[in-house]
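Asks: Return a 3D structure for these sequence lines:
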Amino acid sequence: MHILAIDTSCDETSVAVTDGRKVLSNVIYSQVLLHKKWGGVVPSIAKRAHEERINFVVESACHPRGGGDPELLNSIDYIAVTQGPGLAVALEVGIKKAKELAKKYRKKLIAVNHLEGHIYSAFVQNSQGNPKRDFNFPYLALIISGGHTEFVIFKNHFEYEIIGQTLDDAAGEALDKAAKLLGLGYPGGPVLERLAKEVRNKDGHNFPRPMLKSKDLNFSFSGLKTSFYYFLKSNNHVIPVPIRGQAPAGIQLNGSPIRSGMTKESKYDLRQLASSFQEAVFDTLIKKTEKAIKFTTINQLIVVGGVVANFRLRKLMRDLIKKYNGEVLFPSYKYLTGDNAAMIGIVAGFKAEKSLFVEDVGRLDRIPRMSL
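Replies: You can find the predicted model right below:
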């Protein structure tokens with residue numbers, strides 16, 4: 001059962017061809033360089049970039065080695081697309097293309113929740129069928145990305161219960177904002193991780209751990225971000241005014257050194273600040289996860305989303321689950337941590353088995369704030 005899946009939920013145009021849980025091809029066109037100089041995703045730029053690249057990415061996914069017969073699309077059984085959540089103008093491009101293909105090739109259309117895709121990313125296989133992971137419900141899933149931080153009990157296929165979520169900023173968003181305050185550019189999470197690796201004392205400043213005393217499993221990271229801002233300001237650390245495209249001295253992006261864009265020399269070591277803020281976010285995630293394990297008595301974790309690309313967080317999660325003789329699953333491959341169509345295609349495969357198709361293709365519309 002071959003599925004052509006499309007994901008344009010934010011700033012990456014991705015198309016994949018899947019067969020069951022196997023990914024036969026997955027093409028991602030990233031817009032990071034387009035948004036970098038603005039310090040974040042600009043909706044109008046994202047929409048235009050999706051529109052300019054969607055046809056090329058579809059072709060590339062169907063003919064990964066180049067050439068080939070354009071009619072190869074006829075061998076696709078179903079078309080799948082991300083309906084939400086995501087950036088409205090971006091979702092619109094993918095849905096429009098999916099409708100066009102479904103109509104042209106007379107294929108049934110499958111709408112997929114992007115968050116479902118992240119949860120299923122832990123079970124995605126390569127074209128050879130590896131890794132060989134079987135489902136063993138229930139799972140406690142933690143989705144950690146730039147737009148979402150939430151706990152979900154994954155009871156069975158398409159059976160979810162949200163038991164905790166962020167009340168404001170997501171964990172990934174908080175990391176990006178802290179990086180911006182330090183003049184590290186966008187996206188900031190990977191740069192924070194790189195700096196934090198060079199620090200022995202991971203938590204030299206002991207920033208607040210929000211909502212750890214709350215009785216629920218919700219998160220809040222806006223207060224931590226505000227605390228970090230005032231710490232920098234009150235300790236005579238001038239909030240950086242970066243020169244566009246530059247970051248503090250000593251940092252390398254893509255292997256190339258970048259000159260400092262700071263207006264004044266910092267009073268504190270940049271690496272220690274980066275590490276301490278990262279540690280505050282991760283410590284909050286770990287302690288809340290331990291609370292969730294005790295509350296649900298589920299010791300099988302699925303931890304997914306863009307922030308999970310961080311090796312420090314993975315180590316902390318592995319250390320935690322050892323205490324409860326459980327297992328933690330991360331996305332099968334690194335590219336699955338970010339937005340991608342492969343995970344959308346895998347979800348669509350299970351939906352196809354249950355005949356969960358879009359009944360009226362013409363009426364399918366984006367749902368930017370879609371929930372599980």
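Asks: can you give me the helices in the protein?
Replies: All helices of the chain, identified by DSSP state H, fall at 32-36, 43-62, 88-104, 114-120, 171-181, 189-196, 222-234, 270-296, 311-322, 342-353.
Asks: Please identify which of these is closest to Lys155.
Replies: helix 270-296 (10.7 Å; Cβ to Cβ). Quick note: C-beta positions are derived from backbone N, CA and C, even for glycine.
Asks: residues of the closest one that come out buried?
Replies: 270-286, 288-289, 291-293, 296 (16 or more other Cβ atoms under 10 Å).
Asks: swap in stretch 75-95?
Replies: 76, 78-87, 89-95.
Asks: what's the burial count for the residue lying closest to Lys22 once chain neighbours are set aside?
Replies: Leaving aside its chain neighbours, Lys22 sits nearest to Gln125 (5.1 Å; criterion: Cβ to Cβ, 6 or more residues apart in numbering). Residues near Gln125, counting by other Cβ atoms under 10 Å, number 20.
Asks: Quick one: closest of the helices of the chain to Asp360.
Replies: The nearest among those, by Cβ to Cβ, is helix 88-104 at 10.8 Å.
Asks: Going by contacts, tell me the helices and strands next to that closest one.
Replies: Applying 3 or more Cβ pairs under 8 Å, 6 or more residues apart in numbering; DSSP states H and E, one finds that helix 88-104 makes contact with strand 2-7, helix 43-62, strand 78-84, strand 108-113.
Asks: helices or strands up against the third one?
Replies: The elements that strand 78-84 packs onto, with contact taken as 3+ Cβ pairs under 8 Å, 6+ apart, are strand 2-7, helix 88-104, strand 108-113, helix 114-120, helix 342-353.
Asks: Direction included, what does the third one pair up with?
Replies: When you say that, I think you mean strand 108-113. Applying DSSP bridges, strand 108-113 is found paired with strand 78-84 (parallel).
Asks: Please report how far the nearest residue to Lys155 once chain neighbours are set aside lies from Phe154.
Replies: Nearest non-adjacent residue to Lys155, counting by Cβ to Cβ, 6+ apart: Pro138, 5.0 Å away. To Phe154, Pro138 is 6 Å away according to Cβ to Cβ, to the nearest Å.
Asks: More neighbours: which of those two?
Replies: More neighbours surround Phe154 than the other of Pro138 and Phe154, with 23 against 15 (other Cβ under 10 Å).
Asks: how's the chain carved up into domains?
Replies: Per automatic domain parsing, the structural domains of the chain span 2-129+335-363, 139-331.
Asks: Can you give me the first-to-last residue distance of the longest one?
Replies: In other words, domain 139-331. Domain 139-331 has an end-to-end distance of 14 Å (criterion: Cα to Cα, to the nearest Å).
Asks: same check, this time on stretch 324-338
Replies: End-to-end for stretch 324-338, by Cα to Cα: 28 Å.
Asks: Check which residues of it are buried.
Replies: For stretch 324-338, by 16+ other Cβ under 10 Å, it's 324, 328-333, 335-338.
Asks: cool, stretch 34-50 as well?
Replies: Neighbour counts using 16+ other Cβ under 10 Å place 35, 39, 41-42, 46-47, 49-50 of stretch 34-50 among the buried residues.
Asks: Tell me which two in those are the farthest apart.
Replies: The span of the buried residues of stretch 34-50, defined through Cβ to Cβ, is set by Gly39 and His50 at 20.1 Å.
Asks: so what's the backbone phi/psi at Gly204?
Replies: Taking degrees, to the nearest 10, you get phi -70, psi -20 for the backbone angles of Gly204.
Asks: Can you get me a residue count around it?
Replies: Using other Cβ under 10 Å, Gly204 is surrounded by 16 other residues.
Asks: What mean pLDDT does stretch 88-105 get?
Replies: Here stretch 88-105 scores 96 as its mean pLDDT.
Asks: let me redo that: stretch 149-162
Replies: 98.
Asks: Span of it from start to end?
Replies: End-to-end distance for stretch 149-162, by Cα to Cα: 11 Å.
Asks: mind listing what's buried in it?
Replies: Of all the residues in stretch 149-162, those buried under the rule 16+ other Cβ under 10 Å are 149-154, 160.
Asks: chain center to it: distance?
Replies: Offset of stretch 149-162 from its chain centre (Cα atoms, centre = their mean, to the nearest Å): 17 Å.
Asks: What are the contacting residues of it?
Replies: 115-116, 119, 135, 137-143, 163-166, 170-172, 217, 219, 221, 285, 288-289, 292, 296, 298, 302, 350-351, 354, 356, 371-372 (Cβ atoms under 8 Å, 6 or more residues apart in numbering).
Asks: Narrow those residues to just the buried residues.
Replies: Buried, going by 16+ other Cβ under 10 Å: 115-116, 119, 139-143, 163-166, 170-172, 217, 219, 221, 285, 288-289, 292, 296, 298, 302, 350-351, 372, out of these.
Asks: now the stretch 101-250 of the chain, which segments are flagged as low pLDDT?
Replies: Low-confidence segments of the stretch 101-250 of the chain (pLDDT under 70): 236-250.
Asks: If we use 90, what do you get?
Replies: By pLDDT under 90, the low-scoring segments of the stretch 101-250 of the chain are 146-147, 180-189, 198-204, 232-250.
Asks: before we move on, back to that, TSV for the helices and strands packed on strand 78-84, including distance to Arg194?
Replies: Converted to TSV, the helices and strands packed on strand 78-84 look like this (distance: least, Cβ to Cβ, whole Å):
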stretch	distance to Arg194
strand 2-7	27
helix 88-104	28
strand 108-113	32
helix 114-120	24
helix 342-353	26
